[in-house]
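Enquirer: Have a look at this fold, sequence not included:
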């Protein structure tokens, strides 16, 4: 189905994927958020005391004694950001490299649209998808605020956390988009995104436990996203700006590379 522009066409083609990822991420977040009342029992507290501190820190389970600490660790600190990263990388890869490897990009460019406009509108579609997923998750958390005993977290805290998660996802989408646009290879884009995600996670959670590697945390997108406790203290300007700036630079670099290179046959 041909729609009026690459933005709406991209969203239309990705509608099933977007729906599936939205349901999956919201379901995982809601499931773990609903466990908070059980975390306040003496039995659970005793069980957690048996875990080594290093193991808890490696899984971003640094504070499970408050609602904000639990939600920031169990929901926004591990599974949800990892799922968001997978979704964002896949979407960013598909924006240019997916069509190029499928052999349909030449057909798209045969229409009156420049390469730069096509790339930017495709990434705008990716961005819209990331925003939809993260906003739906935020709304679900607000909906569970009463039933899951999360009322100690303000609506502003949820809004700030949603913003940080959206910027975090956009940064990884931009990385996959840039590599895919520059190379035309899905495997390269997926590998680059996955590699940075793994290194970023280790730099934020594992490397700081090693003498001499604490500095690595400051260079991790996971730290920019989660550092400073957005659920408690609101938007963290430094982290948010670093994620936003990284996204802008990667999109600009990927678009420039795409406009200058020969397309894969």
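Expert: Everything's here; your move. Predicted model only: the values in this text are computed from it and were never measured.
Enquirer: which stretches of this structure have low pLDDT?
Expert: 1-4, 40-64, 106, 110, 264-265 (pLDDT under 70).
Enquirer: can you rerun that using 80?
Expert: Within the chain, the ranges that satisfy pLDDT under 80 run 1-5, 39-65, 102-113, 262-265.
Enquirer: Helix or strand: which one has the spatially most central residue of the chain?
Expert: The residue lying closest to the centre of the chain (C-alpha atoms, centre = their mean) is residue 169, at 2.4 Å. Residue 169 belongs to helix 155-183 when assigned by DSSP states H and E.
Enquirer: Tell me the helices and strands packed up against that helix.
Expert: helix 80-93, helix 115-143, helix 186-205, helix 221-226, helix 230-233, helix 237-260 (3 or more C-beta pairs under 8 Å, 6 or more residues apart in numbering; DSSP states H and E). Where C-beta positions appear, they are placed from N, C-alpha and C, glycine not excepted.
Enquirer: Compare those and report which one is nearest to residue 18.
Expert: For the helices and strands packed on helix 155-183, proximity to residue 18 was assessed by C-beta to C-beta; helix 115-143 is nearest, at 5.0 Å.
Enquirer: Report the buried residues of that closest one.
Expert: Buried residues in helix 115-143, counted by 16 or more other C-beta atoms under 10 Å: 115, 118-138, 140-141.
Enquirer: what's the angle from that helix to helix 80-93?
Expert: 160 degrees (axes from the mean of the first three to the mean of the last three C-alpha atoms, to 10 degrees).
Enquirer: name the helices or strands packed onto helix 115-143?
Expert: Going by 3+ C-beta pairs under 8 Å, 6+ apart, helix 115-143 lies up against helix 6-13, helix 15-33, helix 80-93, helix 105-109, helix 155-183, helix 237-260.
Enquirer: Mind doing that once more with 6 Å?
Expert: Counting contacts by 3 or more C-beta pairs under 6 Å, 6 or more residues apart in numbering; DSSP states H and E, helix 115-143 packs against helix 6-13, helix 15-33, helix 80-93, helix 155-183, helix 237-260.
Enquirer: on that earlier part again, mind putting the helices and strands packed on helix 155-183 in TSV, distance to residue 17 included?
Expert: Listed next are those as TSV, based on distance: least, C-beta to C-beta, whole Å:
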stretch	distance to residue 17
helix 80-93	8
helix 115-143	8
helix 186-205	15
helix 221-226	23
helix 230-233	27
helix 237-260	21
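Enquirer: Looking at those helices, spot the one closest to residue 180.
Expert: Per C-beta to C-beta, nearest to residue 180 of the helices and strands packed on helix 155-183: helix 186-205, 3.6 Å.
Enquirer: if we can go back for a sec, would you agree the residue nearest to the centre of the chain is in contact with residue 88?
Expert: Yes: with contact defined as C-beta atoms under 6 Å, residue 169 counts as touching residue 88 (4.2 Å).
Enquirer: Overlap in contacts, the two.
Expert: residue 130 (C-beta atoms under 6 Å, 6 or more residues apart in numbering).
Enquirer: Please list all residues in contact with residue 160.
Expert: Residue 160 neighbours (C-beta under 6 Å, 6+ apart): 230, 234, 235.
Enquirer: Try it again at 8 Å.
Expert: 230, 231, 233, 234, 235, 236 (C-beta atoms under 8 Å, 6 or more residues apart in numbering).
Enquirer: follow-up on the earlier one: so which of the helices and strands packed on helix 155-183 gets nearest residue 178?
Expert: Using C-beta to C-beta, those put helix 237-260 closest to residue 178, at 3.1 Å.
Enquirer: my read: the residue nearest to the centre of the chain touches residue 84, true?
Expert: Yes: here residue 169 lies in contact with residue 84, judged by C-beta atoms under 8 Å, at a distance of 4.5 Å.
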